[in-house]
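# attaching a predicted model along with its sequence, questions to come.
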Amino acid sequence: MEQTFAKRADGNPAFEAYYKEQGFIPEGEWDDFMGALKRELPTTFRVTGSRAHAQTINEHITTNFAPMLQNVVLDGETQPAPKQLEWYPDLLAWQLNVPKRTIRKSPEYKVFQSFLVGETEIGNISRQEAVSMIPPLLLDVEPHHFCLDMCAAPGSKTAQIMEALNPHTAPTTGLLIANDADAKRCHMLVHQTGRMPSIGLGVTCNDAAGFPSLRSDQGRKNNLTFDRILADVPCSGDGTMRKNPDIWKTWTVANGTQLHGVQLRILTRAMQLLRNAGRLVYSTCSFNPAENESVVAAAMNIFPGQFRIVPVSERLQGLKRRAGLTSWKVATQTSGGELNWHESYAQHLGFVNGIANSDEGANDARWAETVFAPKNAGSLGLEHALRLLPHDQDTGGFFVCVLERIPKGSSNKEEGLASASGIKRAISPSATDGGESSKKAKIEEASNSPAPEERIKIGDEEINLPAPKGELKQGRADPQFKEDAFFFINPQDPELQSCIEFFKLGPEFPRDRVFVRNGTGEVSRTMYIANQSLKSMIQGNDYSHAHLLSAGIKIFTRQDSRTNPADTYCKWRIPSDGLSTMLPYLDPNAMLHADVDDLRMLLEEQYPLIKEEDTGLKGSIRDRAQGCHIVTFAANDGKDGRGALHLPLTLPLWKGVGSLSLLVDKKEKGTLSNRTFGKDICNWTGLNKEKRQADASVKIDVTEPMKEEEEEGIVAQAAVSVAQGEEAASVEETMTNTNSA
Ligand SMILES: C[S@@+](CC[C@H](N)C(=O)[O-])C[C@H]1O[C@@H](n2cnc3c(N)ncnc32)[C@H](O)[C@@H]1O
């Protein structure tokens, strides 16, 4: 039987002893701190700020849902209404402090929840922990920036960076590489970022500590460096106990402290990859100084004088935060749960070696020297880091530190790594530019330094740097990497040309930035587009060296028909997730116009027939060619009871021989339906069969959108003709599985 939250969060003596001793929770606040940690975390979510309708959605919550949820009484208690997070830009983030059972029991909350689920599905809303929203906000991303999210999965912060990079007013000229070391989690990341695709986004799968050196362009000597880097590193996660109460049971000193090495390697690699005057945010959801200040302090000392910790006290007004620590304590823990405190590294070594040689055996772990506070900890600016505590504003715990590469003169011709490789400090090969800088670096090998750790010099002290992992050599293909290749196609390719002609794309359409993904470079099933920055990155590097999993946006997907020969219509459609990218290039005169009644008809009927006498949208499309057409539904305030569309809505539509179909997946249709008409009106069960029986004379060729294959060529898209009978069900299934957003 599942245990209650309170039971699972019943404390951990070692946790209490460890953090009491660290002293960053004032004595008088200890009970509040522990009390907050043992309560369930409120739900928080944010409205996608980059979408044109962000304010509309926010207003909808403010004016409709918030009042509706104002006085909900459950089990005799009035439940708190949702409130806006005052520090979040444009008040687009919300906190909902009601237990899950309230949501399940209250009809008002059920309605609100279904709204949240639907909007989340299509990327208008993201559920995210309040404190986890902070690091990307402090990155200050602008649309032209080159960004790297080093440990990105599952992608909540990636989504925020993408939003900043892609304001709805203009497509980004910048770049975002979202990376994670875990292949499965990378696929989650691809899915998650698919809710908000970008022409500047690439997803890679690499150990961030050995993130490969990439060329910035074909034929250019310089390596790719970044204006903005997020290092949201793997951590013990003890700041997330309110969400994951099982951490109470498993918490040990070692859980966090043993991650110090990988965290430091990731941060040092990030620092190398940062451009002159670039900004880097290091963050964890842990309270442990061994994962936080000690990592930042060690990294700052590896690059003396090259970085500063940026004071951000003026930012995010209203956010309560505590200063980073300038001193901290180091402990080990016995298997019995007892803590041993260590004043210095020397004492620690003596202690650990003593135990190892004793009969008790080595229960206590041996930590890296960099876990200990360096002598200059007080002068590194660590107090400018942010510690977010759970009892300050009912959140999880978090640590955030903003670093900036101090600009060197006015010239930036060294472009990132070139300058980083000049760092005369020994960083392990995995944390360098493919080993080049390590060759140059002075590695001071101390004879008593235990392999494979390295000795580095900090001031007049030498310390051990935690051991490295493998690396990717610069520019070389990785034969182990088994994804499809990326080919930019010939701008005169006949298939591309057919799309340009059919959709009447203007001369400004960047046909030279269209690519396909398969082993041959042939245009077969899907065409994608990248911006110039992403194209340069792809062309400048072997994709398998970069471990590039996905990139850019799908703009054309092949749509076959069994009932018509392919040369009678354009067999390409624009998927709904590529539409906003394509809109600026489409001929406005070729677009169809419709109203909310047409939208109702397209949602109520799966494949509405086009008849001679039809007017409205059906009338205007009747004489158009078979294929994909783009239709804009005019806004309607809903006061006339016909349905509320707060903003005009543009969607792709398929015209078959005698019928129509909205090229939007089933889930999205449901959400759209709920939002516009207050309920899901897409009740299609059995509809097609009846329709076919009712009008057997009309041959309906519904070349419906098929599953958009994750990888090119994996799923062969079978065309479906409803006239052939039972296949309607499989179309529906396919629609359910389709993942456009
Ligand atoms: C704290 S989570 C990141 C959360 C993510 N930034 C977000 O906001 O959704 C840490 C991530 O680091 C990844 N990771 C662990 N070790 C890594 C490494 N050496 N290099 C890159 N990623 C790593 C994990 O797979 C995990 O997805």
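Looks like it arrived, so ask away. Numbering: from 1, shown residues only.
# give the contact list for the residue nearest the centre of the chain.
What sits nearest the mean C-alpha location of the chain, by C-alpha atoms, centre = their mean, is residue 155, with 2.4 Å. Residue 155 is in contact with 178, 188-189, 192-193, counting by C-beta atoms under 8 Å, 6 or more residues apart in numbering. (Each C-beta comes from the backbone N, C-alpha and C, glycine too.)
# make a PyMOL selection of the buried ones in these.
Buried residues within the contacts of residue 155, by 16 or more other C-beta atoms under 10 Å, are selected in PyMOL with:
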select buried, resi 178+189+192+193
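# now the contacts of residue 155 in TSV, with secondary structure, distance to residue 208 and pLDDT?
As requested, the contacts of residue 155 are arranged in TSV below (DSSP: H, G, I helix; E, B strand; the rest coil; distance: C-beta to C-beta, whole Å; pLDDT from 0 to 100):
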residue	secondary structure	distance to residue 208	pLDDT
178	strand	11	98
188	helix	17	93
189	helix	13	95
192	helix	18	88
193	helix	17	90
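# in a markdown table, list the contacts of residue 155 along with distance to residue 17.
Shown next, in a markdown table, are those (distance: C-beta to C-beta, whole Å):
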| residue | distance to residue 17 |
| --- | --- |
| 178 | 39 |
| 188 | 36 |
| 189 | 37 |
| 192 | 38 |
| 193 | 42 |
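# the contacts of residue 155: which two are farthest apart?
178 and 188 (11.1 Å; C-beta to C-beta).
# poorly predicted segments of the protein, please.
Applying pLDDT under 70 to the chain flags the ranges 1-3, 218-221, 356-364, 409-475, 561-568, 684-741.
# got the residues of this structure near the ligand?
Contacts of the chain with the ligand, taken as C-beta under 6 Å from any ligand atom, map to 132, 150-157, 180-182, 185, 207-209, 232, 234, 262.
# narrow these to those in helices?
156-157, 185, 262 (DSSP state H).
# export those residues as CSV, with columns for neighbour count.
Shown next, in CSV, are those (neighbours: other C-beta atoms under 10 Å):
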residue, neighbour count
156, 18
157, 24
185, 17
262, 23
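# helices and strands around the strand with the most length in the chain, which ones?
Looking across the chain with DSSP state E, the single longest strand is strand 274-284. Contacts defined by 3 or more C-beta pairs under 8 Å, 6 or more residues apart in numbering; DSSP states H and E place strand 274-284 against helix 134-139, strand 226-232, helix 260-273, helix 293-302, strand 398-405.
# buried residues, the second one. List them.
Residues 226-232 are the ones in strand 226-232 that count as buried (16+ other C-beta under 10 Å).
# and the next helix or strand past it?
helix 247-250 (DSSP states H and E).
# just the CA trace of that following helix, in PDB.
Taking C-alpha atoms only, helix 247-250 is exported to PDB below (Å, rounded to 0.1, in the frame of the first residue of the first chain):
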ATOM      1  CA  ILE A 247      14.700  11.100  -0.400                       C
ATOM      2  CA  TRP A 248      14.200  11.300   3.400                       C
ATOM      3  CA  LYS A 249      14.900   7.600   3.700                       C
ATOM      4  CA  THR A 250      17.900   7.400   1.400                       C
END
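# what residues does it touch?
Counting by C-beta under 8 Å, 6+ apart, residues outside helix 247-250 touching it are 8-12, 15, 236-238, 240-241.
# for ChimeraX, what selects the buried ones among these?
Command for ChimeraX that selects the buried part of those, burial taken from 16+ other C-beta under 10 Å:
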select :8,9,12,15,236,237,238,240,241
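# residue 665: which of the contacts of helix 247-250 is nearest?
After measuring these against residue 665 - C-beta to C-beta - the closest member comes out as residue 240, at 32.2 Å.
# please consider this matter closed, and thank you.
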